[in-house]
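J.: Show me the folded form of this:
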Amino acid sequence: MTLCPFEDDRVGHLSPLALTRAVYDLRVGARTLFEGIAAAFPADRLALHTRAALTGVAAEEHPEAGEVAGPTLFINGRWLVRPGDALDAVRGLVGTDEARAFTQGDTLLALWHPNPPESLTATDALGRFHTEGIPEERVGGATLVTHLWDLIADLGERISFDLEAMGGLGTHAGTIEDGAHVVAPESVHLGEGAVIRTGAVVRADAGPVWIGAGAEVGENAVVKGPVYLGLKAVVHPAARVDESVIGTWSKVGGEVHGSVVHSLSSKGHDGYLGNSYLGRWCNLGADTNTSNLKNDYGEVTLWDAVAEDFVGSGRQFAGLFMGDHSKCSINTMFNTGTVVGVFCNLFGSGFPPRHVPSFSWGGAEGLVPYRIDKALRVAEAVMARRDRALSDAERARLEAIGAAVS
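T.: Numbers count the residues shown, from 1 in each chain. This is a model prediction of the structure:
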């Protein structure tokens, strides 16, 4: 069987985080959407469906992927797969000779096809209108990540679910220094080469804690589960982290609550990051603070790229949503529910606008376009610090985003 996650026509609502990656490569807990899908539907082969503009980027993220071939299970890349009727229904048809489309409302959730035509993947967005003539089964109860705030919803539960599913809790292959305190060690995973420094406190009594290979919890830091620290992630001395995901080779200091740092980003100093989401290659300057609650305790609105307006989130808590390669200077303040695009450089006193378009330069006193050539030179310098280089596919995608807003 071939497994093929696909994108539909709703991915635009997840801009700017989905501007630079396939929607299924968004991290929504300890795992990405793709990792959850792959675990739920084991397959012999992998194929990918994504927007044409992201084909090269997705292929680099999943070098093992090939073409759709033979019996194929297409899964909506926005599906946060969990046990339930929808999962059971899809699994029940896999391997049969009968094609079947599974829908929830007006959304194509999954498609099983023993001999899929090429036309199914020859489109930027796969939906119900591409499955005409295929028997349809309606299902319910599936969680679909549709808006930015869905990326951080129920984050503690998602982390706990993922860590239990991943296995390895109670394995301690790293170092716990003298004077470090680990509460409920049976619910802590400490990867090879990872270290918990003297004076640090890791509490897993309220939720599991995963400290990946080569990761570090600094002196006097406090980590309260559920928490996921990815490969080479760093929690700086005296930092406080709870109910959060700190992805591969990311660094955090100060206080981090209810947030996702996708990977390769830094919030290395004091300051507060709450109910927020940072993409890749972001950097928050020292004493950057995000507001995650309005003074009137009201509903937070967030910018929606499809609506081209602020829309109600139904949430009381929502902080900063920052696209890849964006940076801010020391002492930056972000208002509740701020959305910052790709490759923004923010500085100065006062609150920047709650919507900062991609490739913007400035702050509260005004924004000007960020020159694409200059932005890419910065990216090359930043990535070199992590022994990475900007690939041709990444460069082409970033140039296209910059050209679209210039």
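J.: Report the central residue of the chain.
T.: Taking CA atoms, centre = their mean, the centroid of the chain lies closest to Arg27, which sits 2.8 Å from it.
J.: wait, that residue sits on Ser244?
T.: No: the pair Arg27 / Ser244 is not scored as a contact, 11.3 Å apart, by CB atoms under 8 Å. Yep, even glycine has a C-beta here, placed from its N, CA and C like the rest.
J.: Quick check: neighbours shared by those two?
T.: Counting by CB atoms under 8 Å, 6 or more residues apart in numbering, the common neighbours of Arg27 and Ser244 are Val260.
J.: which ones are touching the residue nearest to the centre of the chain?
T.: Residues near Arg27 by CB under 8 Å, 6+ apart: Val245, Gly247, Val260, His262, Ser263.
J.: give the contact list for the last one.
T.: Neighbour list for Ser263: Arg27, Gly230, Gly247, Thr248, Trp249, Ser250, Arg280 [criterion: CB under 8 Å, 6+ apart].
J.: and the gap between it and Thr248?
T.: Separation of Ser263 from Thr248 (CB to CB, to the nearest Å) stands at 4 Å.
J.: And the helices in the stretch 51-200 of the chain?
T.: With DSSP state H, counting those that start in this stretch as the criterion, the stretch 51-200 of the chain has helices at 55-61, 85-93, 155-166.
J.: Next: the stretch 301-406 of the chain.
T.: Ranges of helices in the stretch 301-406 of the chain, per DSSP H, counting those that start in this stretch, are 372-384, 392-405.
J.: what about the ones you listed, which gets the closest to Thr103?
T.: Thr103 lies closest, by CB to CB, to one member of the helices of the stretch 301-406 of the chain: helix 392-405, at 30.8 Å.
J.: for the closest one, packing partners?
T.: When contacts are defined as 3 or more CB pairs under 8 Å, 6 or more residues apart in numbering; DSSP states H and E, helix 392-405 packs onto helix 55-61, helix 372-384.
J.: which of these sits most buried?
T.: Among the helices and strands packed on helix 392-405, ranked by average contacts under mean count of other CB atoms under 10 Å, first place goes to helix 55-61 (a mean of 17).
J.: Name the surrounding residues that touch that helix.
T.: With CB under 8 Å, 6+ apart, helix 55-61 has contacts from 20-22, 25, 48, 50, 65, 391-394, 396-397.
J.: So the chain: which segments form each domain?
T.: 2-145, 150-345 (automatic domain parsing).
J.: can you give me the end-to-end distance of the longest one?
T.: The first residue of domain 150-345 is 26 Å away from its last residue (CA to CA, to the nearest Å).
J.: hey, where'd the strands end up in the stretch 51-200 of the chain?
T.: Taking DSSP state E, counting those that start in this stretch as the test, the strands found in the stretch 51-200 of the chain are 72-76, 79-80, 100-104, 107-113, 136-138, 143-144, 175-176, 181-183, 188-190, 195-196.
J.: The first one - which strands sit beside it in the sheet, and in what orientation?
T.: In the sheet, strand 72-76 lines up against strand 2-6 (parallel), strand 107-113 (antiparallel) (DSSP bridges).
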